[in-house]
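[1] sharing a model prediction with you, sequence too.
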Amino acid sequence: PILIQVYFNSGLAYLLNRMAGEQHCVAGPSALIGASNFFELAVAAAISLFGFHSGAALATVVGVLIEVPVMLSVVWIVNRSKGWYERGGKVSELAKELR
């Protein structure tokens, strides 16, 4: 489920930024922020509420271990698709001029 959520949310944010004509340097971080689960906050909350040796703390740490490689793959995809992204920006600019 986390894989689907991260890829769907980051892809949606990336495509919407492209359609809106945002620059690639803005769209990449926006896609990552849109897909973030804020596991750091979850780890802190689980440890403070349930204790360091609880199952909740372990589950949130495992979530971080899964999320980091997935987010790095999103960074790789965003960097590799820069040319495609920038070609779409020109289409968005043309559409704005026609309105």
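    Cool, the structure landed. Every value quoted in this text rests on a predicted model; they were computed, and no experiment measured them.
[2] who are the contact partners of the residue positioned nearest the centre of the chain?
    Among the residues of the chain, the one closest to the centroid is Leu32, at 2.6 Å (CA atoms, centre = their mean). Contact partners of Leu32, counting by CB atoms under 8 Å, 6 or more residues apart in numbering, are Ser10, Met71, Val74, Val75, Val78. Every C-beta, even on glycine, is put in place using the N, C-alpha and C of the backbone.
[3] of these, which is the most crowded?
    Highest neighbour count within these: Ser10, with 25 neighbours (other CB atoms under 10 Å).
[4] what's the closest non-adjacent residue to that one?
    Ala35 (3.7 Å; CB to CB, 6 or more residues apart in numbering).
[5] and whichever strand or helix holds Val62, what other elements does it pack with?
    Per DSSP states H and E, Val62 falls inside helix 55-80. When contacts are defined as 3 or more CB pairs under 8 Å, 6 or more residues apart in numbering; DSSP states H and E, helix 55-80 packs onto helix 2-20, helix 24-35, helix 39-50.
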